[in-house]
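> need a 3D model of the following:
(one chain, ligands or ions: 1)
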Amino acid sequence: MADSATKPRTRTRLARPPLHKVILVNDDFTPRDFVVRVLKAEFRITEDQAYRIMITAHTKGSCVVAVFIREIAETKAKRATEMARNEGFPLLFTTEPEE
Ligand code: TYC
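From the prediction side, this is the model:
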């Protein structure tokens, strides 16, 4: 008989998928208001939240924007980076697994 039929069930739920951070990287060229516009468009956050994230990246070098499952994080980072490329700016969003 299969193991699953005889083994006691020790877990009733699947583990949550690991989360990945979307990180906004500072640069010297992209205008601040454009960074705020991209953040609002892709991450559905308020003007105030977007401004705080932008200014944190500006002063510290980078800032975590949000966390998602890997596929969503990668898609959002790619779309936000593309939005900047389309306007000729070097703005960059990266992703990395959360510890
Ligand atoms: N440093 C840019 C400037 O002074 C603004 C900026 C902020 C760019 C955050 C990127 O992730 C960034 N115009």
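> flag every residue of this structure that's near the ligand.
24-28, 30-32, 35, 54, 57-58, 91 (C-beta under 6 Å from any ligand atom). From N, CA and C alone the C-beta is placed, and that goes for glycine too.
> quick one: average pLDDT of the host helix or strand of residue 75?
With elements taken from DSSP states H and E, the one containing residue 75 is helix 70-86. When pLDDT is averaged along helix 70-86, the result is 98.
> run through who's touching that helix.
Helix 70-86 is contacted by residues 17-23, 30, 34, 38-39, 41-43, 66-68, 90-95, 97 when judged by C-beta atoms under 8 Å, 6 or more residues apart in numbering.
> and these, which of them are in strands?
19-23, 66-68, 92-95, 97 (DSSP state E).
> alpha carbons of stretch 38-47, as PDB, please.
Taking C-alpha atoms only, stretch 38-47 is exported to PDB below (Å, rounded to 0.1, in the frame of the first residue of the first chain):
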ATOM      1  CA  VAL A  38       6.500  54.400 -12.100                       C
ATOM      2  CA  LEU A  39       6.100  53.200  -8.500                       C
ATOM      3  CA  LYS A  40       2.500  54.400  -8.400                       C
ATOM      4  CA  ALA A  41       1.700  52.800 -11.800                       C
ATOM      5  CA  GLU A  42       3.200  49.400 -11.200                       C
ATOM      6  CA  PHE A  43       2.800  48.900  -7.500                       C
ATOM      7  CA  ARG A  44      -0.600  50.600  -6.900                       C
ATOM      8  CA  ILE A  45       0.700  52.700  -4.000                       C
ATOM      9  CA  THR A  46      -0.200  56.200  -2.900                       C
ATOM     10  CA  GLU A  47       1.900  59.300  -3.900                       C
END
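> and it, average pLDDT?
Taken as a whole, stretch 38-47 has a mean pLDDT of 97.
> what does that stretch contact?
Contacts for stretch 38-47 (C-beta under 8 Å, 6+ apart): 22, 24, 36, 49-50, 53-54, 65-66, 76, 79-80, 83-84, 91.
> buried subset of those?
22, 24, 36, 49-50, 53-54, 65-66, 76, 80, 83-84, 91 (16 or more other C-beta atoms under 10 Å).
> fine by me, we can end here.
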